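S.K.: need coordinates for the below:
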Amino acid sequence: MSTPKLLAETDAQMLKGLGLAAYFIYTIKTVTGAGHGDRIR
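M.R.: Residues are numbered from 1 along each chain as shown. Got it, this is the predicted structure:
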């Protein structure tokens with residue numbers, strides 16, 4: 001995470017536009033590797 005401030009700002013914008021359920025779906029997709037190169041190693 002080279003730009004934590006940008007990450008926090010982007011996350012805040014995303015939360016404003018998404019419901020809680022959609023946010024958790026994106027989190028699950030990221031953890032399982034369904035994101036674009038965001039899988040936890």
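
S.K.: from the chain's centre, how far out does the lowest-mean-pLDDT helix or strand in the chain sit?
M.R.: When each helix and strand of the chain is scored by mean pLDDT, DSSP states H and E, helix 20-32 comes last, with a mean of 84. Computed by CA atoms, centre = their mean, to the nearest Å, the chain-centroid distance of helix 20-32 equals 7 Å.

S.K.: for it, packing partners?
M.R.: The contact analysis (3 or more CB pairs under 8 Å, 6 or more residues apart in numbering; DSSP states H and E) places helix 20-32 against helix 4-17. Where you see a C-beta, it was placed from the backbone N, CA and C, and this is true even at glycine.

S.K.: C-alpha coordinates for the helix it packs on, PDB please?
M.R.: What follows is helix 4-17 as a C-alpha-only set of coordinates in PDB (Å, rounded to 0.1, in the frame of the first residue of the first chain):
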ATOM      1  CA  PRO A   4      -2.700   5.000   2.100                       C
ATOM      2  CA  LYS A   5      -4.300   8.400   2.000                       C
ATOM      3  CA  LEU A   6      -5.600   7.900  -1.500                       C
ATOM      4  CA  LEU A   7      -6.800   4.400  -0.600                       C
ATOM      5  CA  ALA A   8      -8.700   5.900   2.400                       C
ATOM      6  CA  GLU A   9     -10.200   8.700   0.300                       C
ATOM      7  CA  THR A  10     -11.300   6.200  -2.500                       C
ATOM      8  CA  ASP A  11     -12.800   3.800   0.100                       C
ATOM      9  CA  ALA A  12     -14.800   6.700   1.700                       C
ATOM     10  CA  GLN A  13     -16.200   7.700  -1.700                       C
ATOM     11  CA  MET A  14     -17.100   4.100  -2.500                       C
ATOM     12  CA  LEU A  15     -18.900   3.700   0.900                       C
ATOM     13  CA  LYS A  16     -21.000   6.800   0.100                       C
ATOM     14  CA  GLY A  17     -22.200   5.200  -3.200                       C
END
